[in-house]
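Student: Fold the following for me, if possible:
(chains A and B)
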Amino acid sequence: MDCRGAQELISSYIDGELNGEETRQLEVHIENCSECRQRLERMKAMVRMVGELGEEELPDGFLDRLQARLEAEQVTGTVRRQHKGVSGWIKWASIAAAAAVIILAIKVLGPDGLLYTSPKEDGQADLSARTESAAPQDMSESLMADSSQDQGAQDEGTAAGDAGASDAPAADAGEQQESRKGDFGASGAELGTTEEALVGDAYIKSDRVELTVQDVCITPQTILMRALQHGMDMVDQTQDSITLEVTSVEQRRALYQELKLLGTIKEVGTNFESYTVTVVIVEHE
Amino acid sequence: MSDEALLIEKAQNGDVSAFEKLVSLYAKKIYNYCYRMMDSREDAEDLAQEVFIKVYQNLKSFKGDSKFSTWIYRIAYNTCVDRYRKGRKLDIVSLNYDKNEDHVEIELVSNDPLPEEEVIKRERYRKLLTCIAGLKPEYKTVIILRDIQNYSYAEIAEILQVPLGTVKSHISRARAALCDALKGMLD
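Tutor: Here you go, the predicted model:
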(Lines give C-alpha, C1' and ligand atoms only; values in the text may rest on other atoms or scores of the structure.)
Protein backbone atom coordinates (compact mmCIF):
# COMPACT_ATOMS: atom_id res chain seq x y z
CA MET A 1 0.00 0.00 0.00
CA ASP A 2 1.31 3.46 -0.88
CA CYS A 3 0.69 6.74 0.97
CA ARG A 4 -2.15 7.75 -1.33
CA GLY A 5 -4.00 4.50 -0.70
CA ALA A 6 -3.38 4.85 3.03
CA GLN A 7 -4.75 8.42 3.10
CA GLU A 8 -8.00 7.24 1.58
CA LEU A 9 -8.48 4.61 4.29
CA ILE A 10 -7.45 6.54 7.40
CA SER A 11 -10.87 8.08 8.04
CA SER A 12 -12.72 4.78 7.75
CA TYR A 13 -10.03 3.13 9.89
CA ILE A 14 -10.77 5.56 12.73
CA ASP A 15 -14.44 4.55 12.59
CA GLY A 16 -13.69 0.82 12.37
CA GLU A 17 -15.26 0.68 8.90
CA LEU A 18 -12.46 -1.23 7.14
CA ASN A 19 -12.47 -4.95 6.51
CA GLY A 20 -9.77 -7.20 8.00
CA GLU A 21 -7.46 -7.13 5.00
CA GLU A 22 -7.67 -3.35 4.56
CA THR A 23 -7.01 -2.86 8.28
CA ARG A 24 -3.98 -5.14 8.16
CA GLN A 25 -2.51 -3.41 5.10
CA LEU A 26 -3.04 0.05 6.55
CA GLU A 27 -1.50 -0.89 9.88
CA VAL A 28 1.57 -2.32 8.16
CA HIS A 29 1.93 0.89 6.13
CA ILE A 30 1.50 3.13 9.16
CA GLU A 31 4.08 1.13 11.06
CA ASN A 32 6.63 1.97 8.39
CA CYS A 33 5.55 5.49 7.33
CA SER A 34 5.95 8.30 9.83
CA GLU A 35 4.11 10.80 7.64
CA CYS A 36 0.94 8.68 7.43
CA ARG A 37 1.24 7.86 11.13
CA GLN A 38 1.24 11.57 11.86
CA ARG A 39 -1.69 12.06 9.49
CA LEU A 40 -3.66 9.42 11.38
CA GLU A 41 -2.90 11.03 14.75
CA ARG A 42 -3.92 14.48 13.44
CA MET A 43 -7.20 13.18 12.10
CA LYS A 44 -7.92 11.37 15.38
CA ALA A 45 -7.26 14.62 17.26
CA MET A 46 -9.55 16.55 14.90
CA VAL A 47 -12.37 14.00 15.26
CA ARG A 48 -11.98 14.23 19.04
CA MET A 49 -12.18 18.03 18.90
CA VAL A 50 -15.33 17.96 16.77
CA GLY A 51 -16.87 15.42 19.15
CA GLU A 52 -16.23 17.79 22.08
CA LEU A 53 -18.28 20.61 20.52
CA GLY A 54 -21.36 19.34 22.33
CA GLU A 55 -24.95 20.47 22.01
CA GLU A 56 -26.62 23.84 22.56
CA GLU A 57 -29.73 24.10 24.68
CA LEU A 58 -32.95 25.00 22.88
CA PRO A 59 -33.58 28.76 22.94
CA ASP A 60 -36.09 29.92 25.56
CA GLY A 61 -39.62 29.91 24.17
CA PHE A 62 -38.72 27.68 21.19
CA LEU A 63 -41.60 25.27 21.77
CA ASP A 64 -44.12 28.08 22.39
CA ARG A 65 -43.15 29.79 19.15
CA LEU A 66 -43.34 26.48 17.30
CA GLN A 67 -46.81 25.87 18.70
CA ALA A 68 -47.93 29.31 17.52
CA ARG A 69 -46.60 28.63 14.02
CA LEU A 70 -48.29 25.23 13.93
CA GLU A 71 -51.60 26.75 14.96
CA ALA A 72 -51.28 29.40 12.24
CA GLU A 73 -50.41 26.64 9.78
CA GLN A 74 -53.46 24.64 10.77
CA VAL A 75 -55.70 27.57 9.87
CA THR A 76 -54.03 28.29 6.52
CA GLY A 77 -53.72 24.55 5.86
CA THR A 78 -57.48 24.09 6.15
CA VAL A 79 -58.10 26.88 3.67
CA ARG A 80 -55.55 25.39 1.28
CA ARG A 81 -57.15 21.94 1.52
CA GLN A 82 -60.54 23.42 0.65
CA HIS A 83 -59.05 24.97 -2.48
CA LYS A 84 -57.35 21.69 -3.30
CA GLY A 85 -60.73 19.95 -3.24
CA VAL A 86 -62.07 22.30 -5.89
CA SER A 87 -58.97 22.12 -8.07
CA GLY A 88 -59.00 18.32 -7.75
CA TRP A 89 -62.56 18.20 -9.06
CA ILE A 90 -61.66 20.47 -11.97
CA LYS A 91 -58.64 18.27 -12.72
CA TRP A 92 -60.71 15.07 -12.88
CA ALA A 93 -63.33 16.76 -15.03
CA SER A 94 -60.56 17.89 -17.40
CA ILE A 95 -59.09 14.38 -17.58
CA ALA A 96 -62.51 12.89 -18.34
CA ALA A 97 -63.09 15.47 -21.11
CA ALA A 98 -59.63 14.87 -22.57
CA ALA A 99 -60.16 11.10 -22.52
CA ALA A 100 -63.46 11.48 -24.39
CA VAL A 101 -61.76 13.58 -27.09
CA ILE A 102 -58.93 11.05 -27.45
CA ILE A 103 -61.30 8.06 -27.74
CA LEU A 104 -63.21 9.96 -30.41
CA ALA A 105 -59.98 10.76 -32.24
CA ILE A 106 -58.87 7.10 -32.19
CA LYS A 107 -62.22 6.04 -33.63
CA VAL A 108 -62.03 8.67 -36.36
CA LEU A 109 -58.44 7.91 -37.33
CA GLY A 110 -58.76 4.12 -37.04
CA PRO A 111 -56.56 1.73 -35.06
CA ASP A 112 -53.53 2.26 -37.29
CA GLY A 113 -53.79 6.01 -37.54
CA LEU A 114 -51.22 8.25 -35.87
CA LEU A 115 -52.52 10.99 -33.68
CA TYR A 116 -49.25 12.78 -34.03
CA THR A 117 -45.92 11.99 -35.53
CA SER A 118 -42.88 11.78 -33.40
CA PRO A 119 -39.54 13.08 -34.47
CA LYS A 120 -37.06 10.37 -35.52
CA GLU A 121 -34.27 10.21 -33.00
CA ASP A 122 -31.38 7.80 -32.64
CA GLY A 123 -33.20 4.92 -34.26
CA GLN A 124 -36.23 5.22 -31.99
CA ALA A 125 -38.60 5.89 -34.88
CA ASP A 126 -40.40 2.54 -35.01
CA LEU A 127 -40.61 2.34 -31.28
CA SER A 128 -42.00 5.83 -30.91
CA ALA A 129 -44.60 5.22 -33.55
CA ARG A 130 -45.75 2.03 -31.88
CA THR A 131 -45.94 3.24 -28.35
CA GLU A 132 -47.29 6.67 -29.08
CA SER A 133 -49.96 5.48 -31.46
CA ALA A 134 -50.93 2.68 -29.13
CA ALA A 135 -51.45 4.68 -25.99
CA PRO A 136 -51.39 8.40 -26.54
CA GLN A 137 -53.90 8.96 -23.76
CA ASP A 138 -51.22 8.46 -21.15
CA MET A 139 -47.92 10.06 -21.95
CA SER A 140 -46.24 8.29 -19.08
CA GLU A 141 -46.88 5.00 -20.86
CA SER A 142 -45.01 6.16 -23.92
CA LEU A 143 -41.94 6.15 -21.69
CA MET A 144 -42.03 2.40 -21.77
CA ALA A 145 -40.10 1.61 -24.92
CA ASP A 146 -41.48 -1.89 -25.15
CA SER A 147 -43.13 -2.91 -28.38
CA SER A 148 -45.15 -5.56 -26.59
CA GLN A 149 -46.59 -3.01 -24.20
CA ASP A 150 -50.21 -3.71 -23.51
CA GLN A 151 -52.37 -0.80 -24.54
CA GLY A 152 -54.64 -1.28 -21.58
CA ALA A 153 -51.94 -1.02 -18.97
CA GLN A 154 -52.71 2.33 -17.42
CA ASP A 155 -50.81 1.92 -14.22
CA GLU A 156 -47.23 3.12 -14.58
CA GLY A 157 -45.95 0.58 -12.06
CA THR A 158 -47.68 -2.30 -13.80
CA ALA A 159 -46.32 -1.16 -17.12
CA ALA A 160 -42.80 -1.25 -15.72
CA GLY A 161 -43.37 -4.77 -14.46
CA ASP A 162 -44.60 -5.94 -17.85
CA ALA A 163 -41.63 -4.49 -19.61
CA GLY A 164 -39.26 -6.25 -17.26
CA ALA A 165 -41.03 -9.54 -17.67
CA SER A 166 -41.06 -9.49 -21.47
CA ASP A 167 -37.68 -8.85 -22.99
CA ALA A 168 -36.21 -6.05 -20.99
CA PRO A 169 -33.00 -6.44 -19.04
CA ALA A 170 -34.51 -4.22 -16.38
CA ALA A 171 -33.81 -4.98 -12.76
CA ASP A 172 -36.63 -6.38 -10.67
CA ALA A 173 -38.15 -4.34 -7.88
CA GLY A 174 -35.82 -5.71 -5.25
CA GLU A 175 -32.73 -4.95 -7.28
CA GLN A 176 -33.98 -1.47 -8.01
CA GLN A 177 -34.49 -0.86 -4.34
CA GLU A 178 -30.95 -2.09 -3.75
CA SER A 179 -29.56 0.23 -6.38
CA ARG A 180 -31.41 3.14 -4.84
CA LYS A 181 -29.89 2.57 -1.44
CA GLY A 182 -26.55 1.27 -2.47
CA ASP A 183 -24.54 0.95 -5.59
CA PHE A 184 -25.62 3.31 -8.33
CA GLY A 185 -22.99 1.85 -10.64
CA ALA A 186 -24.66 -1.54 -10.49
CA SER A 187 -27.93 0.04 -11.54
CA GLY A 188 -26.21 1.45 -14.61
CA ALA A 189 -24.48 -1.83 -15.42
CA GLU A 190 -27.77 -3.68 -15.47
CA LEU A 191 -29.05 -1.51 -18.27
CA GLY A 192 -27.17 -3.42 -20.98
CA THR A 193 -26.43 -2.16 -24.47
CA THR A 194 -28.08 0.64 -26.39
CA GLU A 195 -29.61 -1.89 -28.74
CA GLU A 196 -31.27 -3.72 -25.88
CA ALA A 197 -32.53 -0.43 -24.58
CA LEU A 198 -34.24 0.36 -27.83
CA VAL A 199 -36.25 -2.82 -27.82
CA GLY A 200 -36.87 -3.39 -24.16
CA ASP A 201 -36.17 -0.60 -21.69
CA ALA A 202 -37.73 2.71 -20.79
CA TYR A 203 -36.25 6.15 -21.03
CA ILE A 204 -37.20 9.81 -20.91
CA LYS A 205 -38.04 10.86 -24.44
CA SER A 206 -38.89 14.53 -24.33
CA ASP A 207 -37.38 17.63 -22.73
CA ARG A 208 -39.78 17.86 -19.79
CA VAL A 209 -41.34 15.44 -17.31
CA GLU A 210 -43.53 15.79 -14.26
CA LEU A 211 -42.59 13.68 -11.28
CA THR A 212 -45.50 13.18 -8.88
CA VAL A 213 -44.11 12.34 -5.45
CA GLN A 214 -45.62 11.30 -2.13
CA ASP A 215 -42.53 12.02 -0.09
CA VAL A 216 -41.95 15.59 1.04
CA CYS A 217 -38.23 14.84 1.24
CA ILE A 218 -37.82 14.64 -2.50
CA THR A 219 -36.43 17.92 -3.78
CA PRO A 220 -34.46 18.99 -6.86
CA GLN A 221 -31.37 18.26 -4.74
CA THR A 222 -32.45 14.60 -4.40
CA ILE A 223 -32.67 14.30 -8.18
CA LEU A 224 -29.37 16.12 -8.67
CA MET A 225 -27.52 13.73 -6.39
CA ARG A 226 -28.85 10.80 -8.41
CA ALA A 227 -28.21 12.45 -11.77
CA LEU A 228 -24.60 13.18 -10.88
CA GLN A 229 -24.04 9.45 -10.43
CA HIS A 230 -24.80 9.02 -14.13
CA GLY A 231 -22.61 11.85 -15.34
CA MET A 232 -25.42 14.35 -15.93
CA ASP A 233 -24.79 18.01 -15.21
CA MET A 234 -27.25 20.52 -13.82
CA VAL A 235 -28.23 23.38 -16.11
CA ASP A 236 -30.80 25.12 -13.96
CA GLN A 237 -32.76 24.67 -10.79
CA THR A 238 -35.80 26.21 -9.15
CA GLN A 239 -37.58 25.41 -5.92
CA ASP A 240 -39.54 22.55 -7.49
CA SER A 241 -37.73 21.70 -10.69
CA ILE A 242 -34.33 20.84 -12.04
CA THR A 243 -32.97 20.96 -15.58
CA LEU A 244 -30.28 18.43 -16.44
CA GLU A 245 -28.00 18.12 -19.40
CA VAL A 246 -28.72 14.70 -20.88
CA THR A 247 -26.54 13.79 -23.83
CA SER A 248 -27.23 10.11 -24.50
CA VAL A 249 -30.02 7.55 -24.53
CA GLU A 250 -28.14 5.74 -21.75
CA GLN A 251 -28.47 8.80 -19.54
CA ARG A 252 -32.14 9.13 -20.47
CA ARG A 253 -32.69 5.53 -19.38
CA ALA A 254 -30.70 6.01 -16.19
CA LEU A 255 -32.73 9.12 -15.39
CA TYR A 256 -35.94 7.24 -16.02
CA GLN A 257 -34.85 4.44 -13.66
CA GLU A 258 -33.88 6.90 -10.94
CA LEU A 259 -37.07 8.94 -11.22
CA LYS A 260 -39.22 5.82 -11.22
CA LEU A 261 -37.90 5.02 -7.75
CA LEU A 262 -38.98 8.44 -6.51
CA GLY A 263 -42.49 8.74 -7.93
CA THR A 264 -44.74 8.61 -10.94
CA ILE A 265 -43.34 9.99 -14.17
CA LYS A 266 -45.37 11.82 -16.78
CA GLU A 267 -43.88 13.15 -19.99
CA VAL A 268 -45.13 16.65 -20.71
CA GLY A 269 -42.41 17.92 -23.04
CA THR A 270 -42.83 18.55 -26.74
CA ASN A 271 -39.21 18.80 -27.82
CA PHE A 272 -37.76 15.36 -28.55
CA GLU A 273 -34.38 16.56 -29.73
CA SER A 274 -33.29 18.62 -26.77
CA TYR A 275 -30.10 17.94 -24.85
CA THR A 276 -31.78 18.88 -21.60
CA VAL A 277 -34.53 17.37 -19.50
CA THR A 278 -36.46 19.42 -16.96
CA VAL A 279 -37.96 17.44 -14.09
CA VAL A 280 -40.82 19.23 -12.36
CA ILE A 281 -41.65 17.86 -8.91
CA VAL A 282 -45.37 17.74 -8.17
CA GLU A 283 -46.56 16.79 -4.73
CA HIS A 284 -49.25 14.13 -4.70
CA GLU A 285 -52.57 15.58 -3.49
CA MET B 1 -44.95 -1.60 19.29
CA SER B 2 -42.33 0.79 20.69
CA ASP B 3 -43.28 3.94 22.58
CA GLU B 4 -42.18 6.06 19.66
CA ALA B 5 -44.17 4.01 17.14
CA LEU B 6 -47.22 4.41 19.37
CA LEU B 7 -46.70 8.17 19.53
CA ILE B 8 -46.36 8.32 15.75
CA GLU B 9 -49.55 6.36 15.23
CA LYS B 10 -51.45 8.56 17.68
CA ALA B 11 -50.07 11.72 16.10
CA GLN B 12 -51.04 10.45 12.65
CA ASN B 13 -54.57 10.08 13.96
CA GLY B 14 -54.64 13.70 15.11
CA ASP B 15 -53.49 13.39 18.72
CA VAL B 16 -51.83 16.77 19.32
CA SER B 17 -50.21 15.84 22.63
CA ALA B 18 -48.59 12.79 20.97
CA PHE B 19 -47.17 15.09 18.30
CA GLU B 20 -45.87 17.45 21.00
CA LYS B 21 -44.10 14.52 22.67
CA LEU B 22 -42.48 13.59 19.36
CA VAL B 23 -41.34 17.19 18.96
CA SER B 24 -39.85 17.21 22.43
CA LEU B 25 -37.93 14.01 21.62
CA TYR B 26 -36.28 15.52 18.57
CA ALA B 27 -36.35 19.30 19.03
CA LYS B 28 -32.91 19.66 20.59
CA LYS B 29 -31.19 17.34 18.10
CA ILE B 30 -32.77 18.97 15.09
CA TYR B 31 -32.12 22.48 16.43
CA ASN B 32 -28.45 21.58 16.98
CA TYR B 33 -28.20 19.99 13.55
CA CYS B 34 -29.61 23.16 11.96
CA TYR B 35 -27.36 25.33 14.14
CA ARG B 36 -24.22 23.55 12.93
CA MET B 37 -25.46 23.56 9.36
CA MET B 38 -26.25 27.28 9.33
CA ASP B 39 -23.80 28.55 11.96
CA SER B 40 -26.47 30.93 13.25
CA ARG B 41 -28.81 30.52 16.21
CA GLU B 42 -31.46 32.67 14.59
CA ASP B 43 -31.48 30.65 11.36
CA ALA B 44 -31.32 27.42 13.34
CA GLU B 45 -34.51 28.23 15.26
CA ASP B 46 -36.34 29.29 12.13
CA LEU B 47 -35.25 26.21 10.20
CA ALA B 48 -35.86 23.74 13.04
CA GLN B 49 -39.40 25.08 13.33
CA GLU B 50 -39.86 24.80 9.58
CA VAL B 51 -38.73 21.17 9.83
CA PHE B 52 -41.36 20.36 12.47
CA ILE B 53 -44.06 22.12 10.49
CA LYS B 54 -43.19 19.93 7.50
CA VAL B 55 -43.19 16.88 9.76
CA TYR B 56 -46.64 17.85 11.01
CA GLN B 57 -47.99 18.45 7.51
CA ASN B 58 -46.62 15.20 6.14
CA LEU B 59 -46.90 12.90 9.11
CA LYS B 60 -49.55 10.80 7.41
CA SER B 61 -47.22 10.06 4.51
CA PHE B 62 -44.71 8.49 6.90
CA LYS B 63 -45.20 4.77 6.34
CA GLY B 64 -42.46 3.46 8.60
CA ASP B 65 -40.28 2.29 5.70
CA SER B 66 -37.36 4.03 7.35
CA LYS B 67 -36.75 4.98 10.96
CA PHE B 68 -38.66 8.06 12.12
CA SER B 69 -35.40 9.74 13.17
CA THR B 70 -33.99 9.16 9.68
CA TRP B 71 -37.10 10.66 8.11
CA ILE B 72 -36.92 13.79 10.27
CA TYR B 73 -33.23 14.29 9.58
CA ARG B 74 -33.84 13.91 5.86
CA ILE B 75 -36.41 16.69 6.05
CA ALA B 76 -33.95 18.76 8.10
CA TYR B 77 -31.13 18.25 5.59
CA ASN B 78 -33.33 19.16 2.64
CA THR B 79 -34.70 22.19 4.46
CA CYS B 80 -31.18 23.44 5.19
CA VAL B 81 -30.02 22.82 1.62
CA ASP B 82 -33.05 24.68 0.28
CA ARG B 83 -32.15 27.62 2.50
CA TYR B 84 -28.60 27.62 1.12
CA ARG B 85 -29.96 27.67 -2.38
CA LYS B 86 -32.22 30.61 -1.64
CA GLY B 87 -29.32 32.94 -1.42
CA ARG B 88 -27.03 32.14 1.44
CA LYS B 89 -23.53 32.64 0.20
CA LEU B 90 -20.71 30.83 1.89
CA ASP B 91 -16.97 30.86 1.88
CA ILE B 92 -16.49 27.26 0.92
CA VAL B 93 -13.43 25.42 2.20
CA SER B 94 -11.75 23.71 -0.70
CA LEU B 95 -11.80 19.93 -0.44
CA ASN B 96 -8.97 19.70 -2.90
CA TYR B 97 -6.56 19.21 -0.06
CA ASP B 98 -3.71 18.13 -2.29
CA LYS B 99 -3.30 21.71 -3.41
CA ASN B 100 -2.42 24.62 -1.19
CA GLU B 101 -5.31 26.84 -2.10
CA ASP B 102 -8.41 28.23 -0.45
CA HIS B 103 -7.31 27.29 3.02
CA VAL B 104 -9.13 29.14 5.72
CA GLU B 105 -6.76 31.48 7.51
CA ILE B 106 -8.16 33.33 10.45
CA GLU B 107 -6.61 36.07 12.51
CA LEU B 108 -6.47 34.78 16.04
CA VAL B 109 -7.23 37.77 18.20
CA SER B 110 -8.33 37.69 21.80
CA ASN B 111 -8.29 40.29 24.55
CA ASP B 112 -9.73 38.03 27.21
CA PRO B 113 -7.81 38.13 30.47
CA LEU B 114 -7.59 34.36 30.51
CA PRO B 115 -4.69 31.97 31.02
CA GLU B 116 -2.80 31.52 27.79
CA GLU B 117 -3.73 27.85 27.56
CA GLU B 118 -7.44 28.65 27.78
CA VAL B 119 -7.14 31.37 25.16
CA ILE B 120 -5.40 28.98 22.78
CA LYS B 121 -8.06 26.33 23.36
CA ARG B 122 -10.88 28.77 22.67
CA GLU B 123 -9.23 29.96 19.54
CA ARG B 124 -8.72 26.42 18.33
CA TYR B 125 -12.42 25.72 18.73
CA ARG B 126 -13.37 28.99 17.12
CA LYS B 127 -11.25 28.14 14.15
CA LEU B 128 -12.68 24.62 14.04
CA LEU B 129 -16.23 26.03 13.98
CA THR B 130 -15.31 28.45 11.23
CA CYS B 131 -13.83 25.64 9.19
CA ILE B 132 -16.91 23.44 9.65
CA ALA B 133 -19.15 26.38 8.74
CA GLY B 134 -17.16 26.83 5.55
CA LEU B 135 -17.67 23.28 4.29
CA LYS B 136 -20.12 22.61 1.49
CA PRO B 137 -23.49 21.40 2.87
CA GLU B 138 -23.02 17.81 1.72
CA TYR B 139 -19.68 17.59 3.54
CA LYS B 140 -20.77 19.60 6.54
CA THR B 141 -23.77 17.38 7.11
CA VAL B 142 -21.69 14.19 7.32
CA ILE B 143 -19.32 15.76 9.85
CA ILE B 144 -22.26 16.89 12.00
CA LEU B 145 -24.08 13.58 11.78
CA ARG B 146 -21.02 11.39 12.26
CA ASP B 147 -18.65 13.29 14.52
CA ILE B 148 -21.05 15.44 16.56
CA GLN B 149 -24.26 13.42 16.65
CA ASN B 150 -22.65 9.97 16.36
CA TYR B 151 -24.81 8.46 13.64
CA SER B 152 -23.54 5.34 11.88
CA TYR B 153 -22.48 5.32 8.24
CA ALA B 154 -25.56 3.26 7.37
CA GLU B 155 -27.90 5.73 9.10
CA ILE B 156 -26.25 8.68 7.34
CA ALA B 157 -26.62 6.91 3.98
CA GLU B 158 -30.31 6.45 4.72
CA ILE B 159 -30.77 10.06 5.78
CA LEU B 160 -29.04 11.47 2.71
CA GLN B 161 -30.32 8.73 0.39
CA VAL B 162 -26.89 8.11 -1.06
CA PRO B 163 -24.79 4.95 -1.30
CA LEU B 164 -22.65 3.92 1.66
CA GLY B 165 -19.53 4.47 -0.45
CA THR B 166 -20.51 8.10 -0.97
CA VAL B 167 -20.89 8.57 2.78
CA LYS B 168 -17.45 7.05 3.38
CA SER B 169 -15.76 9.24 0.81
CA HIS B 170 -17.59 12.39 1.95
CA ILE B 171 -16.58 11.80 5.58
CA SER B 172 -13.01 11.08 4.54
CA ARG B 173 -12.72 14.17 2.33
CA ALA B 174 -14.42 16.46 4.83
CA ARG B 175 -12.15 15.32 7.66
CA ALA B 176 -9.07 15.66 5.48
CA ALA B 177 -10.14 19.20 4.56
CA LEU B 178 -10.64 20.11 8.23
CA CYS B 179 -7.27 18.62 9.17
CA ASP B 180 -5.67 20.59 6.38
CA ALA B 181 -7.35 23.83 7.44
CA LEU B 182 -6.37 23.28 11.08
CA LYS B 183 -2.79 22.36 10.24
CA GLY B 184 -0.42 23.29 13.03
CA MET B 185 -3.17 23.16 15.68
CA LEU B 186 -3.53 19.40 15.83
CA ASP B 187 0.03 18.36 16.67
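Student: Could you use CA atoms for every contact and neighbour count after this?
Tutor: Noted.
Student: who's in contact with stretch B:28-36?
Tutor: A:55-58, B:41, B:43-45, B:47-48, B:73, B:76, B:80, B:133, B:144-145 (C-alpha atoms under 8 Å, 6 or more residues apart in numbering or on different chains).
Student: How many residues are close by residue A:1?
Tutor: 11 (other C-alpha atoms under 10 Å in any protein chain shown).
Student: Leaving out the residues flanking it, which one is nearest to residue A:224?
Tutor: Nearest residue to residue A:224, sequence neighbours excluded (C-alpha to C-alpha, 6 or more residues apart in numbering or on different chains): residue A:234, at 7.1 Å.
Student: so how far is residue A:245 from the one you found?
Tutor: 6 Å (C-alpha to C-alpha, to the nearest Å).
Student: Would you mind listing the residues touching both of those two?
Tutor: Joint contacts of residue A:234 and residue A:245 (C-alpha under 8 Å, 6+ apart) do not exist.
Student: What about the contacts of stretch B:28-36, which are in helices?
Tutor: Those of the contacts of stretch B:28-36 mapping onto helices are B:41, B:43, B:44, B:45, B:47, B:48, B:73, B:76, B:80, B:133, per DSSP state H.
Student: Distance to residue A:47 added to these, as CSV?
Tutor: Rendered in CSV, the data for the ones in helices among the contacts of stretch B:28-36 read as follows (distance: C-alpha to C-alpha, whole Å):
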residue, distance to residue A:47
B:41, 23
B:43, 26
B:44, 23
B:45, 26
B:47, 26
B:48, 26
B:73, 22
B:76, 23
B:80, 23
B:133, 16
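Student: Columns neighbour count on top of those residues, output as JSON lines?
Tutor: Formatted as JSON lines, the entries for the ones in helices among the contacts of stretch B:28-36 read as follows, by neighbours: other C-alpha atoms under 10 Å in any protein chain shown:
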{"residue": "B:41", "neighbour count": "17"}
{"residue": "B:43", "neighbour count": "17"}
{"residue": "B:44", "neighbour count": "23"}
{"residue": "B:45", "neighbour count": "22"}
{"residue": "B:47", "neighbour count": "22"}
{"residue": "B:48", "neighbour count": "27"}
{"residue": "B:73", "neighbour count": "23"}
{"residue": "B:76", "neighbour count": "27"}
{"residue": "B:80", "neighbour count": "25"}
{"residue": "B:133", "neighbour count": "21"}
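Student: Which members of these additionally contact chain A?
Tutor: Under the cut-off given by C-alpha under 8 Å from any C-alpha of the partner chain, chain A has residue B:45 from these close to it.
Student: Residue A:274 contacts residue A:206, correct?
Tutor: Yes - with contact defined as C-alpha atoms under 8 Å, residue A:274 counts as touching residue A:206 (7.3 Å).
Student: Who has more neighbours out of these two?
Tutor: The residue with more neighbours, out of residue A:274 and residue A:206 and counting by other C-alpha under 10 Å, is residue A:206; that gives 20 against 15.
Student: so the closest residue to the more buried one other than its chain neighbours, which of the three states?
Tutor: The shortest distance from residue A:206 to any residue other than its chain neighbours is 4.4 Å, reached at residue A:272 (C-alpha to C-alpha, 6+ apart). Three-state call for residue A:272 (DSSP: H, G, I helix; E, B strand; the rest coil): coil.
Student: Just give me the neighbour total for residue A:272.
Tutor: If you count neighbours by other C-alpha under 10 Å, residue A:272 ends up with 17.
Student: So for it, what's the pLDDT?
Tutor: On pLDDT, residue A:272 comes in at 81.
Student: where are the low-confidence patches of the chain?
Tutor: Picking chain A for this. Scanning chain A with the threshold set as pLDDT under 70 gives A:74-200, A:215-217, A:285.
Student: not quite, I wanted chain B
Tutor: Regions of chain B meeting the criterion pLDDT under 70 cover residues B:1, B:87-114, B:187.
Student: Around chain A, which positions in it sit nearby?
Tutor: Contact residues (C-alpha under 8 Å from any C-alpha) of chain B with chain A: B:27-28, B:31-32, B:45, B:49, B:53-54, B:58, B:61, B:74-75, B:78, B:81-82, B:125, B:128, B:147-148, B:157-158, B:161-165, B:168, B:171-172, B:175-176, B:178-179, B:186-187.
Student: from the residues you listed, which ones fall inside helices?
Tutor: With helices defined by DSSP H, the entries of these inside them are B:27-28, B:31-32, B:45, B:49, B:53-54, B:58, B:74-75, B:78, B:81-82, B:125, B:128, B:157-158, B:164-165, B:168, B:171-172, B:175-176, B:178-179.
Student: How about the residues of the stretch 1-150 of chain A by chain B?
Tutor: Counting by C-alpha under 8 Å from any C-alpha, the residues of the stretch 1-150 of chain A close to chain B are A:8-12, A:42-43, A:45-47, A:49-59, A:62, A:66, A:69-70, A:73.
Student: could you redo the last one with a cut-off of 10 Å?
Tutor: Remark: the part of the stretch 1-150 of chain A in contact with chain B comprises A:7-12, A:15, A:17, A:38-39, A:41-59, A:62-63, A:65-67, A:69-71, A:73-74, A:77, using C-alpha under 10 Å from any C-alpha of the partner chain.
Student: Can you tell me which of the residues you listed are buried?
Tutor: Burial of the residues of the stretch 1-150 of chain A next to chain B was assessed by neighbour count (16 or more other C-alpha atoms under 10 Å in any protein chain shown); the buried members are A:7, A:9-12, A:17, A:39, A:41-47, A:49-51, A:55, A:58, A:62-63, A:66-67, A:70.
Student: Distance check, the residue nearest to residue A:206 against residue A:208.
Tutor: 9 Å.
Student: One more: residue B:160?
Tutor: For residue B:160, the distance to residue A:208 (C-alpha to C-alpha) stands at 26 Å.
Student: Tell me which of those two has more neighbours.
Tutor: residue B:160 (25 against 22).
Student: Might you report the residue contacts of the more buried one?
Tutor: With contacts defined as C-alpha atoms under 10 Å, 6 or more residues apart in numbering or on different chains, the neighbours of residue B:160 are A:181, A:217, A:222, A:225, B:70-71, B:73-75, B:77-78, B:138, B:141-142, B:166-167.
Student: So how do I select the buried members of the residues of chain B next to chain A in PyMOL?
Tutor: With 16+ other C-alpha under 10 Å as the burial test, the buried ones among the residues of chain B next to chain A are selected in PyMOL as follows:
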select buried, chain B and resi 27+28+31+32+45+49+53+54+74+75+78+81+82+128+147+148+157+158+161+162+163+164+168+171+172+175+176+178+179+186
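Student: ok so, going back, which one of the contacts of stretch B:28-36 is nearest to residue B:8?
Tutor: Within the contacts of stretch B:28-36, the smallest distance to residue B:8 is 15.7 Å, found for residue B:73 (C-alpha to C-alpha).
Student: surely that closest one meets residue B:144?
Tutor: No - using C-alpha atoms under 10 Å, residue B:73 is not in contact with residue B:144; the gap is 11.5 Å.
Student: ok, back up a step: of the contacts of stretch B:28-36, closest to residue B:19?
Tutor: Distances from residue B:19 to these, taken as C-alpha to C-alpha, are shortest for residue B:48 (15.2 Å).
Student: Please name the residues that touch the closest one.
Tutor: Applying C-alpha under 10 Å, 6+ apart, the residues near residue B:48 are A:62, A:66, B:26-35, B:54, B:75-76, B:79-80.
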